[in-house]
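Student: requesting a structural model of the entry that follows:
(chains A and B)
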Amino acid sequence: MNSKLAIRDLNIHFGDNHAVKNVAMEVAENSVTAIIGPSGCGKSTVLRSINRMHDLTPSARVTGTIMLDDTDIYGRSVDPVTIRRRVGMVFQKPNPFPAMSIYDNVIAGYKLNGVLKKGDADEIVESSLKRVALWDEVKDRLRTGAVELSGGQQQRLCIARTIAVKPEVILMDEPASALDPISTLKIEELIEDLKSKYTIVIVTHNMQQAARVSDVTAFFYIGELVEIGETRKVFTNPEKKQTEDYITGRFG
Amino acid sequence: MQNSAQGIKGDAIFRGFTLLLACSIIVILLLMTAEMVKESLPAISRFGWRFISGSTWDAVQEEFASLPYLYGSIVSSILAILLATPLSIGTALFITELAPRKVGAATAALVELLAAIPSVIYGLWGILVMTPWLQSTIQPFLIEHFGFLPFFRGAPYGVSMLAAVFILMIMIVPIITSITKEVLMAVPSSQKEAAIALGATRWEMIRMAVLPYGRSGILGAVILGLGRAIGETMAVTMVIGNTPKISLSLLSPAYTMPSVIANEFAETTTKMHASALMEIGLILLFVTLVINFLARMLLWSVTRKWKGGVA
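Tutor: Numbering: from 1, shown residues only, chains lettered A, B, ... in the order given. Purely as a prediction, here's the structure:
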């Protein structure tokens, strides 16, 4: 499989706090990579560096390279906006736009890019919502406010909004941690299904979830990448003692 | 047991006390309104609807009608709001979203300072600095280049509707800005991140996530500004020219309801004159209530769609 993302010498500082230290890892195309580790280990920080979300934080400093195919995400002439259109993101808490309808939420990304024909918009809304298995639940009320959906539905709507603009990579920051078990299951099935078209990197607190959905697992501890490997191997026969301690529940 | 019984009794007394205080507000409002109605009855019974539709104000002949004042108040306030709203939202966006932290904080502090300046100072500045400047530069410019419009006809007097609009605008920008700023700061970062992660530029993020989220609050800020503009007395009285005439031209002097009350109440000679002023006060109160009511309706219609959401 081709490598979609290649991270080299990634260091992230927030002021004096060295949050991520010398991380190097690759993410294969059309695979699911899970990032696990205890709170504060830098897993979300790494994830958010992949679509330059740290640009919003004045105190953050990112060094190193992250190659997205042949583009260095942190390259001098690279526009973060174009990167974010190629690398979508789903957040921990569902964050649909409350002032918009379900329909408008799905095509929100297109509203940024300007004109979209009515027929095309309808098609994008339908295919995106079908993709996240939300279509049947909302097709009769596309014009109602997105906040009237349940939390799990809102999160699937947010995923639909993300895939509607056809990104290449989807970053997920604990996408199911605010949801009930049934909604969580649906999101996990969805991740499995999305893998065929997208490259997915998911941060999760939940080790069973990582084991269920991912092909590759990366274990982080205090800002460092301790171990990365095939998920089955990491969970059954980890190379490092720290990884083993964490996955067997001895700490974290 | 005794203690808790005492506690219950104390609660009852406290509740009764606060109820009394709350009721006193309503009673004061009602008494004030009743008094105003009573005092304006002579004018109401003598002039009827003519008081609102007519435009003669003659204390000697005891002929009173209030349309020029109503017109002056409403037009000056609405124009001031139209100018102040974009300016305030822009300033608030600069403070919260665009400026470096320190610059933003300094700007915010300066804006708050503007809000603390007494209105008579604004009036003084208006009459000593702004009106002469309007008379020598802005008004001749408007007459020369836009004189074909009915809004910019006539001679440049300085004191004018335009001067009142400007002074009101300056006075309400701080209040609209600082409330809008609070509203914008309350927009959760998850909303901004949602837009940014979709590939929004900063401006697109503001348009897509920040402004829609804060719109009901911003609307509230604008309404508060309008309320302040309608009721503002001192500064307006000093620059508007105090001429009870209705003119489309913004360069003409005009008059407002609070201004006429302030100017004339001390020198009323007849009962009818005092009664007419009282009726203007009543109309002012009514207009303010209507604006507040409309604002509430507007707010309600905007927020209702969000039902139970993250409003």
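Student: interface residues of the stretch 101-250 of chain A facing chain B?
Tutor: Residues of the stretch 101-250 of chain A lying close to chain B (C-beta under 8 Å from any C-beta of the partner chain) are A:Ala108, A:Gly109, A:Lys111, A:Leu112, A:Asn113, A:Gly145, A:Val147, A:Glu148, A:Cys158, A:Arg161, A:Thr162, A:Val165. C-beta: built from backbone N, CA, C; applies to glycine.
Student: can you pull out the helices in the chain?
Tutor: Since you didn't name a chain, this refers to chain A. Per DSSP state H, chain A carries helices over the ranges A:43-49, A:80-86, A:102-106, A:108-113, A:118-131, A:135-138, A:151-164, A:181-194, A:207-213, A:231-236, A:241-247.
Student: look at chain B instead
Tutor: Taking DSSP H to define them, one finds helices in chain B at B:2-47, B:50-53, B:67-93, B:101-116, B:119-125, B:131-133, B:139-146, B:161-185, B:189-197, B:202-205, B:211-231, B:234-239, B:257-264, B:271-303.
Student: buried residues, the fourth one. List them.
Tutor: Looking back up the chat, that one is helix B:101-116. B:Gly104, B:Thr107, B:Ala108, B:Val111 (16 or more other C-beta atoms under 10 Å in any protein chain shown).
Student: over to the fifth one?
Tutor: Within helix B:119-125, the residues that qualify as buried by neighbour count (16+ other C-beta under 10 Å) are B:Ser119, B:Tyr122, B:Gly123, B:Trp125.
Student: quick one: mean pLDDT for it?
Tutor: Mean pLDDT, helix B:119-125: 94.
Student: what's it packed up against?
Tutor: Judged by 3 or more C-beta pairs under 8 Å, 6 or more residues apart in numbering or on different chains; DSSP states H and E, helix B:119-125 is in contact with helix B:161-185, helix B:234-239.
Student: report the angle between the axes of the longest one and helix B:211-231?
Tutor: What it means is helix B:161-185. 140 degrees (axes from the mean of the first three to the mean of the last three C-alpha atoms, to 10 degrees).
Student: where does pLDDT dip in the stretch 151-252 of chain A?
Tutor: For the stretch 151-252 of chain A, the stretches flagged by pLDDT under 70 are A:252.
Student: in it, what residue lies closest to chain B?
Tutor: In the stretch 151-252 of chain A, the residue that lies nearest chain B is A:Val165 (6.5 Å; C-beta to the nearest C-beta).
Student: if we can go back for a sec, could the helices and strands packed on helix B:119-125 go into CSV alongside mean pLDDT?
Tutor: Putting the helices and strands packed on helix B:119-125 into CSV (pLDDT from 0 to 100) gives the following:
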stretch, mean pLDDT
helix B:161-185, 94
helix B:234-239, 93
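Student: figure out which of those is closest to chain A.
Tutor: Nearest of the helices and strands packed on helix B:119-125 (C-beta to the nearest C-beta): helix B:161-185, 13.4 Å.
Student: how far does the closest one sit from its chain's centre?
Tutor: Put simply, helix B:161-185 sits 9 Å off its chain's centre (C-alpha atoms, centre = their mean, to the nearest Å).
Student: for stretch B:27-46, same thing?
Tutor: With C-alpha atoms, centre = their mean, you get 24 Å for stretch B:27-46.
Student: try stretch B:99-109
Tutor: Distance, centroid of stretch B:99-109 to centroid of chain: 26 Å (C-alpha atoms, centre = their mean).
Student: name the residues that touch that stretch?
Tutor: A:Pro58, B:Thr91, B:Phe94, B:Ile95, B:Thr96, B:Leu98, B:Ser178, B:Lys181 (C-beta atoms under 8 Å, 6 or more residues apart in numbering or on different chains).
Student: can you do 10 Å?
Tutor: Here stretch B:99-109 makes contact (C-beta atoms under 10 Å, 6 or more residues apart in numbering or on different chains) with A:58, B:91-98, B:177-178, B:181-182, B:185.
Student: and that stretch, what's its mean pLDDT?
Tutor: For stretch B:99-109, the mean confidence score works out to 92.
Student: now stretch A:26-44
Tutor: The pLDDT scores in stretch A:26-44 average 92.
Student: how far is that stretch from where the chain is centred?
Tutor: Put simply, stretch A:26-44 sits 9 Å off its chain's centre (C-alpha atoms, centre = their mean).
Student: would you mind writing the CA trace of that stretch as CSV?
Tutor: The C-alpha trace of stretch A:26-44 is given here as CSV (Å, rounded to 0.1, in the frame of the first residue of the first chain):
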residue,chain,number,x,y,z
GLU,A,26,3.6,6.8,8.1
VAL,A,27,0.0,6.4,7.3
ALA,A,28,-1.0,4.1,4.4
GLU,A,29,-3.6,5.0,1.9
ASN,A,30,-7.1,3.7,2.5
SER,A,31,-6.3,2.4,5.9
VAL,A,32,-7.4,3.3,9.4
THR,A,33,-4.7,4.3,11.8
ALA,A,34,-5.6,4.6,15.5
ILE,A,35,-3.6,6.8,17.9
ILE,A,36,-3.9,5.7,21.5
GLY,A,37,-2.3,6.7,24.7
PRO,A,38,-3.2,8.2,28.1
SER,A,39,-4.5,11.7,28.5
GLY,A,40,-2.0,14.4,27.8
CYS,A,41,0.2,12.1,25.7
GLY,A,42,0.0,14.4,22.7
LYS,A,43,-2.2,12.2,20.5
SER,A,44,-4.8,14.9,19.7
